[in-house]
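# My questions concern the predicted model and sequence given below.
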Amino acid sequence: MNGSKATLLTDFEIVGFPGLQDYKPALFAGFLTLFLVTLIANLLILILVALDQRLHVPMYFFLWNLSLLDILISIAIIPKLLAVLLGYSGTISLSACFGQMYFIISIGATENCLVAAMAYDRYVAVVKPLHYNVIINLKTCLVIAAIVWILGFLIPASSVTLASFLPYCASNRILHCFCDYPAVVSLACADITDHANGALGVAMLAIYVPFVFVLWSYFRIVLSVLKLKTAESRAKAFSMCSSHLIVVLLYYSSTAIVYIGLRINNISYDGRIFIGGLNYFLIPMVNPMIYSLRNEKMKEAAKKYMKFQFLISKKPKNGINSIR
C-alpha cells in the first residue's frame, strides 16, 4: 500500500481479547466488577482525606493524588473496553486512540514519579523526623505534586506525537483491549524501528529513574532504622513505611512480570494482553485496599464518616416516627 491509501484510514477497531470472543459476557461482568470496586475504593479515599482533618498531612496528600491517578487510569481504559465487550462500539478514531494512548502512558509515568515522591516523604519522616514539618510543608507538597504531574504528562508527549504522524495502512484492528503503544504502532506501514527504540528509551527513563530514587530512599531509611537503639522504635519506624513499601514492591514486581512475560514467545495474544494490563487493571484496585486495611487513621476516618452518613440517613425516618 502507498502513502496515499494510508491517509484513508480514519479509525481503528479495538478487538479486545482475540481468543476469548465466546466469553465476552463473563469478561464484561469481571471488568465491570473490577471497575466499580476500583472506583468506589479510590473515591472513598478521596472523600475521607478531604473531610478528615487528621488526614490533612503530606502522606495522605500524596495518597490522595495516587487515588486520583488510579481513578483516571480506570476511566481511561475500562468504559471503552466494556463497550467493546458488549459489542456496542469497537471502533475508535485515530485522534481518540492516540489521545487515550497518551493519557494512559502519562498517568503511568505520573504514578512512577509519585511513588518516588512518596518514598522521599517516608525518607524525611524516618531519617529527619525533627525537621519533617519544616522540610515537607504545604508549599513543598504542592511543588512536588506539580512537578510529578508535569513530568508525567511531558515524558510521553514526543513519542506519542511522533507515532500519531505515522501512516497507518497495514490494518485497523488493534489486537488489544485499549490503544496500547506497541499494538498500534505495529499497524503502521512504515519503518518503526526508530520509533520503537525511542519509545523504549523514554519508558526506561520513566521507570528506572524513579526506581533508583526509591531504592536510594529505602537504603537510607534502613540504615537509619538500624541505628535506633530499641526494637520498639525500629518497629515503629518500619511501620511508618510499611504501606508505601508494599505498594512499591507490588508496583515494581508487576512491572517486572510485564517486562518478562511479554518477552516469552509462546504466550498467546490474550495472555499478553492480561499480563500487559496488570498495572492498569489490578494495581488501581489493590492500592486503596493496602492503605485502608493497614492504616489506623484511615480506618478511624472511615468508621467516623460512614457512621455519620448512616445516622443522617436514619434521622428522617425517626422524625416521622416521632410525629406519629
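Cool, got the structure. Residues are numbered from 1 along each chain as shown.

# Now the most centrally placed residue in the chain: which helix or strand?
The C-alpha lying nearest the average C-alpha coordinate of the chain belongs to residue 70 (C-alpha atoms, centre = their mean; 4.4 Å). Taking DSSP states H and E as the criterion, the element that holds residue 70 is helix 58-86.

# what packs against that helix?
Judged by 3 or more C-beta pairs under 8 Å, 6 or more residues apart in numbering; DSSP states H and E, helix 58-86 is in contact with strand 11-14, helix 24-51, helix 94-127, helix 138-154, helix 278-281, helix 283-293. (Glycine included, C-beta is placed from N, CA and C.)

# From the ones you listed, pick the one with the highest average neighbour count.
Counting by mean count of other C-beta atoms under 10 Å, helix 94-127 has the highest mean neighbour count of the helices and strands packed on helix 58-86, with a mean of 21.

# Rounded mean pLDDT for it, please.
On average, the pLDDT along helix 94-127 is 92.

# Check stretch 201-216 too.
Stretch 201-216 carries an average pLDDT of 89.

# which residues sit against that stretch?
With contact meaning C-beta atoms under 8 Å, 6 or more residues apart in numbering, stretch 201-216 is reached by 108-109, 112-113, 115-116, 119-120, 155-156, 158-159, 248, 252, 255.

# what's the helix or strand for residue 170?
Applying DSSP H and E, one finds residue 170 in no helix or strand.

# Quick check: it touching residue 188?
Yes: with contact defined as C-beta atoms under 8 Å, residue 170 and residue 188 form a contacting pair (6.8 Å).

# Those two: which has the busier surroundings?
Counted by other C-beta atoms under 10 Å, residue 170 and residue 188 do not tie: residue 188 has more neighbours, with 17 against 14.

# three-state assignment of the residue lying closest to residue 168 once chain neighbours are set aside?
Excluding the flanking residues, the one nearest residue 168 by C-beta to C-beta, 6 or more residues apart in numbering is residue 9, at 4.9 Å. Under the three-state scheme (DSSP: H, G, I helix; E, B strand; the rest coil), residue 9 adopts coil.

# Tally up the residues packed near residue 9, please.
17.

# how close does it get to residue 45?
42 Å (C-beta to C-beta, to the nearest Å).

# Kindly report the same for residue 119.
Residue 119 is 19 Å from residue 45, by C-beta to C-beta.

# give me the number of residues near residue 219?
11.

# Helices along the stretch 151-300 of the chain, start to end?
For the stretch 151-300 of the chain, the helices defined by DSSP state H, counting those that start in this stretch occupy 157-164, 181-185, 193-226, 231-261, 269-276, 278-281, 283-293, 296-323.

# among the ones you listed, which is nearest residue 25?
With C-beta to C-beta as the measure, helix 269-276 is the member of those nearest residue 25 (16.1 Å).

# pull the CA atoms of that closest one into CSV?
Only the C-alpha atoms of helix 269-276 are listed here, as CSV (Å, rounded to 0.1, in the frame of the first residue of the first chain):
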residue,chain,number,x,y,z
TYR,A,269,-2.3,-12.8,22.5
ASP,A,270,-4.8,-13.0,25.3
GLY,A,271,-2.1,-13.9,27.8
ARG,A,272,0.0,-11.0,26.6
ILE,A,273,-3.0,-8.6,27.0
PHE,A,274,-3.7,-9.8,30.5
ILE,A,275,0.0,-9.5,31.5
GLY,A,276,0.4,-6.1,29.8
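
# for the record, mean pLDDT for it?
75.

# coming back round to it: what does the model give the residue nearest to residue 168 for pLDDT?
72.

# So it versus residue 26, what's the distance?
32 Å.

# Report whether the expected contact of residue 18 with residue 175 is present.
Yes: contact criterion C-beta under 8 Å: residue 18 and residue 175 qualify, at 5.5 Å.

# ok, the two, which is more surrounded?
For residue 18 versus residue 175, neighbours defined as other C-beta under 10 Å are more numerous around residue 175 (20 against 13).

# Contacts only, for the more buried one.
15, 18, 183, 269, 273.

# Please repeat the previous calculation with a cut-off of 10 Å.
13-19, 183, 186-187, 269-270, 272-273 (C-beta atoms under 10 Å, 6 or more residues apart in numbering).

# Only the buried subset of these, as a ChimeraX command please.
A single ChimeraX command selects the buried members of the contacts of residue 175 (16 or more other C-beta atoms under 10 Å):
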select :14,15,16,17,183,187,270,272,273
